[in-house]
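Visitor: got a predicted structure plus its sequence, pasted below:
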Amino acid sequence: MPFTFRFPRIPGLPTTATAPFCPSEVAGTVQVPRGASVWQKLRIYVGPGLLVSIGYMDPGNWATSIQAGAQFGYQLLFVVMLSSLAAIVLQCLCARLGIATGKDLAVHSREHYPPAVGKGMWVLAELSIIACDLAEVLGCALAFNLLLGVSLPVGVLLTALDTLIVLGLKGRGFRQVEAIILGLVITIAACLLAQLAFVKADWHEVMQGFVPSLQAISSREPLYLAIGIIGATVMPHNLYLHSSIVQTRSVQRDPASLLEAVRYTRVDTTVSLLIAMVINATILILAAAAFHKSGNTQVAELDEAYHLLDPITGSAMAAILFGVGLFASGQSSTFTGTIAGQVIMEGFLKLKIPCWQRRVITRALALVPALIGVLTLGPHSVGKLLVASQVVLSLQLPFAMYPLIRLTSRRDLMGDLVNRWWVSGLAWVLFAAISAANVWLVWQVFAD
């Protein structure tokens, strides 16, 4: 029996069969008729952006933002802002590609590049998913350790149980799945915003932190964290994911209907990623206000942050909220990581396997390095491993960006939805900036 979910039934709007949780089991889409009101269309189009935004709030974001805030105060807030804006640009390109062509980025990469190149891109995409899932494993394991008192290796093993969540959702409607994800996002936001009540942030310095500054990232350590923030924000596999899931909304293939779909999807994407930006900025502000201002500038581990929140804020509730939010952030990415893995496997290899099997494979590949890391480096290594995983994501990002920008700039492929010249120019600037930062970091590492 396929793992299906149902889109919302809106009175007066026809729908086809249900669409599944995993792309390999697609049975249909939701129709978007011309006569629907603006509100009805928004209700239909909202969803893919929310699913994509989950990946921007995982424990990797927590680790990079906590360390950045503790060490450098509010100085790297502009990196969070610019990374989020870059993510909005790239995710909108992904949605445009999927809507205009009816194919996702993985399929296009297989069709437009030599087989060897396509296989290489598939390997890099899979590594990005494993790196992301590694962050989820470490984050949830640490949450188990902090909230339940179990050892970190045991916490790592407990994260294997999230496969049961995927199985438990079998046959549930999509809105139920989406409601769970929305609930996790609200939990993360509520926990973080509540923690701000226990610290005294300097809002004037916060505003200054959003002003871009090359001097703030002129040395290796802040640049390393800045690249980690970029990797934690703009995730390579999310580019493949978004270009696929926007196709679950079926529209007429005339230019006007396609353009309308692009516009509504842009609203969904922008709002969802702005929410993610606020959450990530809040994490950094919390770390800067609680740790940097109190002189605890060497806080690099999430467990250190958890235990220091009590004496600094004077309330045990702050630490509990931190642990609950961390757990929610790890669990929220379980869904999108599984779907992205399925999209990539199908697109590059034409290989279709059940959703739960894909989840088992991804989690198994993440469990091994997570266990090795915590057993060899010790219980206080989670933060460093999380930041390293996000740097790995950033290093792989240009390999997904390049085909995306090239494909969406081709009029023969995109038709009237081809990128405008300034959009392509902006995207290439982002590609050059991220690639240059990655090359600089690699050079610095080997120069030592």
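Guide: Received it, and whenever you're ready, just let me know what you need. Numbers count the residues shown, from 1 in each chain.

Visitor: need the three-state assignment for the residue nearest to the spatial centre of the chain.
Guide: In the chain, the centroid-proximal residue (C-alpha atoms, centre = their mean) is Gly55; its distance is 2.0 Å. Of the three states, Gly55 takes helix according to DSSP: H, G, I helix; E, B strand; the rest coil.

Visitor: now do it, the pLDDT please.
Guide: Listed pLDDT for Gly55 reads 74.

Visitor: and the gap between it and Trp39?
Guide: 28 Å (C-beta to C-beta, to the nearest Å). C-beta coordinates here come from the backbone N, C-alpha and C atoms, glycine included.

Visitor: and Leu158, by the same measure?
Guide: Separation of Leu158 from Trp39 (C-beta to C-beta): 43 Å.

Visitor: who has more neighbours out of these two?
Guide: More neighbours surround Leu158 than the other of Leu158 and Trp39, with 17 against 9 (other C-beta atoms under 10 Å).

Visitor: list the contacts of the more buried one.
Guide: 140-141, 144, 150 (C-beta atoms under 8 Å, 6 or more residues apart in numbering).

Visitor: would CSV of those with neighbour count be doable?
Guide: Below are the contacts of Leu158 laid out as CSV (neighbours: other C-beta atoms under 10 Å):
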residue, neighbour count
Cys140, 27
Ala141, 28
Phe144, 23
Val150, 15
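
Visitor: just the ones in helices from these, please.
Guide: Using DSSP state H, the members of the contacts of Leu158 that fall within helices are 140-141, 144.

Visitor: list just the nearest of those residues to Asn238.
Guide: Cys140 (19.6 Å; C-beta to C-beta).

Visitor: next one: the residue nearest to the closest one when sequence neighbours are not counted, what pLDDT does it get?
Guide: What sits nearest to Cys140 in space, not counting adjacent residues and going by C-beta to C-beta, 6 or more residues apart in numbering, is Gly330, at 3.7 Å. Among the per-residue scores, Gly330 shows a pLDDT of 74.

Visitor: who are the contact partners of Tyr56?
Guide: Contacts of Tyr56 by C-beta under 8 Å, 6+ apart are 84, 87, 232-233, 235, 238, 273, 276-277, 280.

Visitor: scan the residues you listed and report the most crowded one.
Guide: The most crowded member of these, judged by other C-beta under 10 Å, is Met235 (34 neighbours).

Visitor: how about that one: what's its closest non-neighbour residue?
Guide: Closest to Met235 by C-beta to C-beta, 6+ apart is Gly55, at 4.9 Å.

Visitor: contacting residues for that neighbour?
Guide: 132, 235, 237-238, 241, 333, 336-337, 340.

Visitor: Pro48 versus that one, what's the distance?
Guide: 12 Å.

Visitor: for the host helix or strand of Leu430, buried residues please.
Guide: Element membership for Leu430 (DSSP states H and E) is helix 421-447. The neighbour-count check on helix 421-447 (16 or more other C-beta atoms under 10 Å) flags 423-424, 426-427, 430-431, 434-435, 437-438, 441 as buried.

Visitor: buried set for the helix or strand that contains Ile129?
Guide: Assigned by DSSP H and E, Ile129 belongs to helix 115-148. Within helix 115-148, the residues that count as buried by 16+ other C-beta under 10 Å are 118, 121-122, 124-147.

Visitor: Leu258 in helix, strand or coil?
Guide: Once three-state DSSP is applied, Leu258 turns out helix.

Visitor: that one touches Thr265, doesn't it?
Guide: No. The pair Leu258 / Thr265 is not scored as a contact, 10.5 Å apart, by C-beta atoms under 8 Å.

Visitor: okay, the two: which has more neighbours?
Guide: Remark: of Leu258 and Thr265, Thr265 carries more neighbours, 25 against 19, as counted by other C-beta under 10 Å.

Visitor: just give the nearest non-adjacent residue to the more buried one, would you?
Guide: Distances taken as C-beta to C-beta, 6+ apart place Ala95 nearest to Thr265, at 4.5 Å, with adjacent residues excluded.

Visitor: burial measure for that neighbour, as a count.
Guide: Counted with other C-beta under 10 Å, Ala95 comes out at 26.

Visitor: what about it, distance to Ile405?
Guide: To Ile405, Ala95 is 14 Å away according to C-beta to C-beta.

Visitor: then Ala288?
Guide: In this view, Ala288 and Ile405 are 34 Å apart by C-beta to C-beta.

Visitor: same question, Thr159
Guide: From Thr159 to Ile405 the distance is 35 Å (C-beta to C-beta).

Visitor: equivalent analysis for Leu50, please.
Guide: Here the distance between Leu50 and Ile405 works out to 25 Å (C-beta to C-beta).

Visitor: for the stretch 1-150 of the chain, what are the low-confidence residue spans?
Guide: Per-residue confidence for the stretch 1-150 of the chain (pLDDT under 70) gives these ranges: 1-34.

Visitor: and if we set it to 50?
Guide: Applying pLDDT under 50 to the stretch 1-150 of the chain flags residues 1-21, 23-28.
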